[in-house]
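# Sequence and predicted structure, then a few things I'm wondering about:
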Amino acid sequence: MALISVIVPVYNSEKTIVETLQSVINQTYTDFEIIVINDGSQDSTLDVLSTITDSRLQVFSYDNAGVSVSRNRGVENASGEFIAFLDADDLWTPTKLESQLALLQSHTQAAVAYSWCDYIDDEGNFLRKGGHANDAGNVYKRLLVGNFLECGSTSLVNRQVFESVGGFNSSLLTNEDWELWVRLARDYEFVVVPEVQVFYRISGNSKSFNLTRHENTRLQVIDQVFDRVPAELQYLKQSCIANFYRYLVFKVVDAPQNNFNGDRSKSFLVSRFLWNSLLHDKTLLQRPKLLFSVSLKIMLLALFPSRSPRLLLEHYKLKLRGLRQSVL
């Protein structure tokens with residue numbers, strides 16, 4: 001029986017799954033098993049998995065049911081005392097499991113260890129830094145205003161505690177990780193490894209890029225979460241909603257590519273996101289440079305609906321810098 005079970009749900013992941021699993025196999029800590037849950041893949045994912053010969057790898061196939069059900073199924077098939085979740089297109093650095101396990105074993109009051117993540121594109125190129133949060137101990141209030149763990153691949157969780165709170169909410173198709181972290185944080189402490197140990201892949205084809213669906217689903221999850229929050233903490237709901245709308249805005253304006261296929265109306269959608277963020281939290285008005293930059297990128301999205309606002313702005317900045325140098 002391995003001490004750690006690594007749960008990897010896969011659905012049509014033929015392009016990334018080998019690199020993802022290799023980042024697990026390359027861990028400095030070796031007492032683990034890899035539980036891959038094939039969630040009804042229709043591509044050659046299973047054929048690709050058959051080429052990996054590591055004895056710690058187990059593959060289970062089911063009809064498609066979504067990521068929450070797949071992760072719970074992974075835990076049902078696991079033997080480890082600790083559970084690590086990894087999405088099929090994300091990557092770990094070699095010390096991820098070793099660092100997190102050591103931290104949990106030295107802080108027995110904690111149930112979850114997490115690490116920092118940075119963002120990469122489809123080809124594995126660096127996009128941007130993550131939030132690099134340092135929150136530890138009782139993080140319940142902090143989680144209520146936003147998911148500082150950032151993605152589902154950053155954590156190592158005590159299995160007994162995971163099962164005691166009921167695992168992932170199988171009715172959720174997105175935001176399931178944040179909802180679980182909130183339930184865990186009500187009664188258990190978190191610890192952090194202050195290092196980038198996860199690379200989270202941003203893809204234009206990812207489920208979360210359907211902005212309208214992502215908005216509607218997240219607002220429903222926020223309502224569900226705050227239905228169980230004590231009255232004295234209900235005031236945090238406004239900040240939670242504001243932070244989510246701010247996330248949606250930056251997801252578009254700072255994306256490495258534009259996936260709206262020239263649809264100029266999407267700029268109005270992003271403008272609405274920015275307005276809703278300001279309605280729920282006006283602190284962004286105290287940062288005029290940032291607000292101006294965001295507004296400029298939204299304007300560029302309206303003018304050039306097939307281009308990335310971030311890349312366009314960088315392009316014009318370079319041109320302006322070159323013009324200044326030529327004049328000087």
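Structure's in. What do you need?

# in this structure, which spans are helices?
Ranges of helices in the chain, per DSSP state H, are 17-25, 45-49, 67-76, 96-106, 140-144, 159-164, 176-185, 211-226, 236-253, 266-280, 288-303, 309-327.

# any chance of the ones you listed in JSON lines, with distance to Val112, mean pLDDT and mean neighbour count too?
The C-beta positions use only the backbone N, C-alpha and C, and glycine is treated the same way. Converted to JSON lines, the helices of the chain look like this (distance: least, Cβ to Cβ, whole Å; pLDDT from 0 to 100; neighbours: other Cβ atoms under 10 Å):
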{"stretch": "helix 17-25", "distance to Val112": "19", "mean pLDDT": "98", "mean neighbour count": "18"}
{"stretch": "helix 45-49", "distance to Val112": "28", "mean pLDDT": "97", "mean neighbour count": "18"}
{"stretch": "helix 67-76", "distance to Val112": "14", "mean pLDDT": "97", "mean neighbour count": "22"}
{"stretch": "helix 96-106", "distance to Val112": "8", "mean pLDDT": "98", "mean neighbour count": "19"}
{"stretch": "helix 140-144", "distance to Val112": "10", "mean pLDDT": "97", "mean neighbour count": "19"}
{"stretch": "helix 159-164", "distance to Val112": "8", "mean pLDDT": "97", "mean neighbour count": "16"}
{"stretch": "helix 176-185", "distance to Val112": "6", "mean pLDDT": "96", "mean neighbour count": "22"}
{"stretch": "helix 211-226", "distance to Val112": "17", "mean pLDDT": "90", "mean neighbour count": "16"}
{"stretch": "helix 236-253", "distance to Val112": "19", "mean pLDDT": "90", "mean neighbour count": "20"}
{"stretch": "helix 266-280", "distance to Val112": "28", "mean pLDDT": "89", "mean neighbour count": "18"}
{"stretch": "helix 288-303", "distance to Val112": "31", "mean pLDDT": "84", "mean neighbour count": "15"}
{"stretch": "helix 309-327", "distance to Val112": "32", "mean pLDDT": "61", "mean neighbour count": "12"}
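
# Go through the ones you listed and name the closest to Ser170.
helix 67-76 (4.8 Å; Cβ to Cβ).

# give the contact list for Asn276.
241-242, 245 (Cβ atoms under 8 Å, 6 or more residues apart in numbering).

# same deal with Val161?
111-112, 184, 188.

# 6 Å - rerun?
111, 188 (Cβ atoms under 6 Å, 6 or more residues apart in numbering).

# Take the helices of the chain and write them to TSV, including distance to Met1.
Formatted as TSV, the helices of the chain follow (distance: least, Cβ to Cβ, whole Å):
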stretch	distance to Met1
helix 17-25	18
helix 45-49	23
helix 67-76	14
helix 96-106	15
helix 140-144	31
helix 159-164	12
helix 176-185	24
helix 211-226	34
helix 236-253	39
helix 266-280	47
helix 288-303	50
helix 309-327	47
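
# Leu86: which of these is closest?
That would be helix 17-25 among the helices of the chain, by Cβ to Cβ, at 6.6 Å.

# Quick check: the closest residue in space to Asn175 that isn't next to it in sequence vs Pro94, distance?
Closest residue to Asn175 apart from its sequence neighbours, by Cβ to Cβ, 6 or more residues apart in numbering: Val221 at 4.5 Å. For Val221, the distance to Pro94 equals 34 Å [Cβ to Cβ, to the nearest Å].

# Any idea how many residues pack against the closest residue to Phe199 other than its chain neighbours?
Excluding its sequence neighbours, the residue lying closest to Phe199 (Cβ to Cβ, 6+ apart) is Leu91, at 4.3 Å. Look at Leu91: counted by other Cβ atoms under 10 Å, it has 23 neighbours.

# okay, Leu91: pLDDT?
For Leu91, the pLDDT comes out at 98.

# could you dump the contacts of Asn276 to JSON lines with distance to Tyr11?
Formatted as JSON lines, those follow (distance: Cβ to Cβ, whole Å):
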{"residue": "Ile241", "distance to Tyr11": "30"}
{"residue": "Ala242", "distance to Tyr11": "32"}
{"residue": "Tyr245", "distance to Tyr11": "28"}
